[in-house]
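Enquirer: turn this into a model:
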Amino acid sequence: MIDELTKRRGSGADPSRPLRVILAGGGHSHLAVLKDWQRDPLTGTERILVTPSSRMTYSGMLPGWIERLYRRSELEIDIRSLAAATGTLVMEDEVAALDADAKLLTLSSGKILEYDVLSLGVGGHLELSAFSGVKSLLPVRPIDRFMERWEKFERSVAQSGPSQIAVVGGGAAGTELAFAVASRFQENPVPARIVLITGQDGLLAGHASGVRKRVRAALEGRGVDIQLADLAVGEGGQLVHNGGSARFDLVIAATGSNPPRWLAGSSLALGPDGGVSIGADLESRSHRGVFAAGDVSERADRRLARSGAHAVKAGPILAANLRSFVRGDKLQSYSPRKRTLYLLSIGQRNAILSWGSLSAQGSWVWHFKDWIDRRFVTHFQRLAFLGPAESRRTTLARAMLSPSVLRTALQVSLVVGTCLNAINQGDELLSGEAVSWGRITLNYFVPFLVASFSGARARQAMENASPSRRSKATATSRSDPLDQETT
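Expert: The predicted structure follows:
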């Protein structure tokens, strides 16, 4: 084992120093890694988290925050406290350069960190060169900075209200922000004029035509002007719009993200779009011990849309593979689902569901999205305040209410209950005679209760099992059975 670790670390490494594992970035995938380390400490290693902020702001609830449906504290996860519960050192800094051959990470502060295992989850950056000269520009990233400047903008227009706001970006992020801004200022004495500039690709490119029709109709219903053209900036920083030019009070840039520029000099193999080229195991195709997930990465074996949902789903696999690499075990593969569930907020507690060619719309979709978002954030907020030992304990009631246990219990209930009802009251059901609905209910409820109890006890037993068994179980688990896209 020592020889294998020495081989992976390189001949120049100090064998007396613990294996150093660095998490670069505090995004969705690294939340899952910290959760894994909290439940099962990665012993024999020195762990460092490099993140520009001690708090992670959940982007999926940002449109609701603009509408004043959420307080800022409801969007934030204390990643410093979460890391502290795992014994991980937090450095509030940003990555400035990477030398993968020398295994050196350079930070914006000038500090240089040597690593043995590196996980990149820094996300991407907005390309703002097309906005040159726009004085009222407000990039959506970094989110903390966006929220500060948005609050300042709201205070500046508190009396008269804004006259014109442009949102640039026809993807899910730009579309939701256009809806949120329109809803936020709709009650002004003079409603603001909102323009959504989608680019040549159009509105929600890649989504089914039915979804795009629903979104377009909803935007028009909110009074949002849709411009299906690329951004053009005229003299004086004015935006060229519908053949003329106009000066906007605010221009929100939500054009999607690109991999960090410093990757170009990292020596890592990169994909066509400049992201770290990784395999199904999330490890770099060119350098062992370097892993990546989210917008910073590109799969070499298949093309994936840049999506927060993929970062969330890849998180448990990333956590398991970091542990497996340290131990010298076989790495697991992340297999994305063919279709991703998108829940697009369209303002005023309304939303549109998009799943492949299927779509639906209504307040119930928004409440469904709200439940998923709140559940995700509060789960990690709670973990941030728990110690390592306490986080490993799962009560029987909590285990019975976990999504995986409930799903299995429901499946067992449907099969067993249907069989029992067919045996006990099959003749009555077929002939249309009176049946005992109480017995029918019990035939479903009792198997459900037994299955959920058994599943909960099995989950508790697994958590009390050896670390190696827990590591394998983590690799096949999901952070949430509802894989919703985040903007």
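
Enquirer: make it CA atoms for all contacts and neighbour counts henceforth
Expert: Will do.

Enquirer: which ones are touching residue 48?
Expert: Contact analysis of residue 48 by C-alpha atoms under 8 Å, 6 or more residues apart in numbering lists 20, 21, 22, 23, 88, 89, 90, 91.

Enquirer: apply 6 Å and report the result again.
Expert: 22, 88, 89, 90 (C-alpha atoms under 6 Å, 6 or more residues apart in numbering).

Enquirer: out of these, which are buried?
Expert: 22, 88, 90 (16 or more other C-alpha atoms under 10 Å).

Enquirer: looking at those residues, which one is closest to residue 72?
Expert: residue 90 (22.6 Å; C-alpha to C-alpha).

Enquirer: any idea what sits nearest the closest one, other than its immediate chain neighbours?
Expert: Distance criterion C-alpha to C-alpha, 6 or more residues apart in numbering; nearest residue to residue 90, sequence neighbours excluded, is residue 49 at 4.8 Å.

Enquirer: what secondary structure does the one you found sit in?
Expert: The three-state assignment at residue 49 reads strand, by DSSP: H, G, I helix; E, B strand; the rest coil.

Enquirer: where does it land on pLDDT?
Expert: Looking at residue 49, its pLDDT is 97.

Enquirer: for residue 152, same thing?
Expert: At residue 152, pLDDT is 92.

Enquirer: restricting to C-alpha, output the helix or strand hosting it in CSV.
Expert: Using DSSP states H and E, residue 152 sits within helix 143-156. Output of helix 143-156 as CSV, limited to C-alpha atoms (Å, rounded to 0.1, in the frame of the first residue of the first chain):
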residue,chain,number,x,y,z
ILE,A,143,-23.6,35.2,-7.3
ASP,A,144,-22.6,37.0,-4.0
ARG,A,145,-21.4,40.0,-6.0
PHE,A,146,-24.6,39.9,-8.1
MET,A,147,-26.8,40.0,-5.1
GLU,A,148,-25.0,42.9,-3.5
ARG,A,149,-25.1,45.0,-6.7
TRP,A,150,-28.8,44.1,-7.3
GLU,A,151,-29.7,45.4,-3.8
LYS,A,152,-27.8,48.6,-4.6
PHE,A,153,-29.7,48.9,-7.9
GLU,A,154,-33.0,48.4,-6.2
ARG,A,155,-32.2,51.2,-3.7
SER,A,156,-31.2,53.5,-6.5
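
Enquirer: what bridges to the residue nearest to residue 90?
Expert: residue 23, residue 90 (DSSP bridges).

Enquirer: list the contacts for residue 211?
Expert: Listed by C-alpha under 6 Å, 6+ apart, the contact set of residue 211 reads residue 359.

Enquirer: what about it, which SS state?
Expert: Once three-state DSSP is applied, residue 211 turns out helix.

Enquirer: how close does it sit to residue 123?
Expert: Going from residue 211 to residue 123 by C-alpha to C-alpha, to the nearest Å gives 27 Å.

Enquirer: same for the helix or strand that contains residue 405, what does it pack against?
Expert: Secondary structure assignment for residue 405, by DSSP H and E: helix 403-431. Helices and strands in packing contact with helix 403-431 are listed as helix 437-463; criterion 3 or more C-alpha pairs under 6 Å, 6 or more residues apart in numbering; DSSP states H and E.

Enquirer: run the chain-centre distance for the helix it packs on.
Expert: The chain centroid and the centroid of helix 437-463 are separated by 32 Å under C-alpha atoms, centre = their mean, to the nearest Å.

Enquirer: in the stretch 151-300 of the chain, which spans are strands?
Expert: Here the stretch 151-300 of the chain has its strands, by DSSP state E, counting those that start in this stretch, at 164-168, 193-197, 225-227, 239-241, 244-246, 250-253, 276-278, 290-292, 297-299.

Enquirer: so which of the ones you listed comes closest to residue 139?
Expert: strand 250-253 (4.5 Å).

Enquirer: the closest one pairs with which strands, parallel or anti?
Expert: With DSSP bridges as the test, strand 250-253 pairs up with strand 137-139 (parallel), strand 164-168 (parallel).

Enquirer: so which of the ones you listed is the most packed in?
Expert: Of all these, strand 164-168 carries the top mean neighbour count, a mean of 23, counting by mean count of other C-alpha atoms under 10 Å.

Enquirer: tell me the angle that strand makes with strand 193-197.
Expert: 20 degrees (axes from the mean of the first three to the mean of the last three C-alpha atoms, to 10 degrees).

Enquirer: and strand 164-168, how far out from the chain middle?
Expert: That offset, for strand 164-168, works out to 25 Å (C-alpha atoms, centre = their mean).

Enquirer: could you list the residues in contact with it?
Expert: By C-alpha under 6 Å, 6+ apart, the list of residues contacting strand 164-168 reads 192-197, 248-254.

Enquirer: list buried residues within these.
Expert: For these, a neighbour count by 16+ other C-alpha under 10 Å gives the buried set as 192-197, 248-254.

Enquirer: and the closest residue to residue 301 other than its chain neighbours, how far from residue 270?
Expert: Nearest residue to residue 301, sequence neighbours excluded (C-alpha to C-alpha, 6+ apart): residue 279, at 6.5 Å. Counting by C-alpha to C-alpha, the gap from residue 279 to residue 270 is 12 Å.

Enquirer: those two: which is more packed in?
Expert: residue 270 (23 against 19; other C-alpha atoms under 10 Å).

Enquirer: list the contacts for that one?
Expert: 276, 277.

Enquirer: can you name the residues bridging to it?
Expert: Beta-bridge partners, per DSSP bridges, of residue 270: residue 276.

Enquirer: so where's the stretch 1-150 of the chain uncertain?
Expert: 1-16 (pLDDT under 70).

Enquirer: helices of that one, residue ranges please.
Expert: In the stretch 1-150 of the chain, the helices defined using DSSP state H, counting those that start in this stretch lie at 2-9, 28-39, 62-66, 79-84, 143-156.

Enquirer: in CSV: those helices, plus distance to residue 258 and mean neighbour count.
Expert: Rendered in CSV, the data for those read as follows (distance: least, C-alpha to C-alpha, whole Å; neighbours: other C-alpha atoms under 10 Å):
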stretch, distance to residue 258, mean neighbour count
helix 2-9, 30, 14
helix 28-39, 17, 25
helix 62-66, 20, 24
helix 79-84, 24, 23
helix 143-156, 16, 14
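
Enquirer: make CSV out of those helices and add distance to residue 129.
Expert: Below are the helices of the stretch 1-150 of the chain laid out as CSV (distance: least, C-alpha to C-alpha, whole Å):
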stretch, distance to residue 129
helix 2-9, 40
helix 28-39, 27
helix 62-66, 24
helix 79-84, 32
helix 143-156, 18
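
Enquirer: which one, of the ones you listed, ends up nearest to residue 335?
Expert: helix 28-39 (15.0 Å).
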